[in-house]
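1. Sharing a model that was predicted from the sequence below.
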Amino acid sequence: MLVSCNNGESLQTYFVDNQEKTDFISVDIPTTIVNLDEASLSEDQMEAYNSVKKLNFLGFKLTETNQETYAQELSKVNAILNNEKYIELMEVNDPAAKIIVKYIGDDDIADEFIVFTSSKNMGFGIVRILGNDMRPEKMATLVSAIQNADIDSSQFESITGFFK
């Protein structure tokens, strides 16, 4: 309980503290999972794509036996993300899952983007997107290119298998 009250708590420390625990999975995702036709990208999209250097994933699998732990861990993550240093970019409430996108930085440059999704049926997952000179407005243009991209789903087999 003291951890969630600690102002020094960050997603980075949360990842490190939980990556080895039983109900969690931690995966470094290579940026090569998205196969983009670079020739078709706009200058802004190309700049955003090249600014991403690393993707870290941490997931918690909800089971019948860990519901209380899930509630505690979800509360910890929400407390971290409610810190004012995490600026909300968007939130989607779908019947199947809730998705929140936040970033650390300012209107010009983001140090880190965070995609947090939670499902009452499966658990939750957090993706930390790390890079250099990531610009929020240019990252938003990259989303449309990624939606039409060829994504190497084999890179996600360890993650999807964990949640089954």
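-> The structure has been received and is ready for your questions. Computed from a prediction, not measured in an experiment: that's the story for all the values here.

2. quick one: contacts for the spatially most central residue of the chain?
-> Geometric centre of the chain, nearest residue: Val127, 1.9 Å, by C-alpha atoms, centre = their mean. Residues near Val127 by C-beta atoms under 8 Å, 6 or more residues apart in numbering: 29, 55-57, 114-116. C-beta coordinates here come from the backbone N, C-alpha and C atoms, glycine included.

3. Output these as TSV; include the columns pLDDT and distance to Val101.
-> Below are these laid out as TSV (pLDDT from 0 to 100; distance: C-beta to C-beta, whole Å):
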residue	pLDDT	distance to Val101
Ile29	81	16
Leu55	87	14
Asn56	91	15
Phe57	92	15
Ile114	92	7
Val115	89	5
Phe116	92	8
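
4. Among these, name the ones in strands.
-> 29, 55-57, 114-116 (DSSP state E).

5. Name the residues that touch stretch 62-81?
-> So stretch 62-81 is contacted by 3-4, 9-11, 14, 18, 23, 60, 86, 100, 102, 114, 116, 118-124, 126 (C-beta under 8 Å, 6+ apart).

6. Just the buried positions in it, please.
-> Neighbour counts using 16 or more other C-beta atoms under 10 Å place 62, 66, 70, 73-74, 76-77, 80-81 of stretch 62-81 among the buried residues.

7. Between all of the residues you listed, which two are separated the most?
-> Asn66 and Leu81 (21.0 Å; C-beta to C-beta).

8. By mean pLDDT, flag the weakest helix or strand of this structure.
-> When each helix and strand of the chain is scored by mean pLDDT, DSSP states H and E, helix 2-5 comes last, with a mean of 43.

9. On the three-state scheme, Phe60 is what?
-> What DSSP: H, G, I helix; E, B strand; the rest coil gives for Phe60 is strand.
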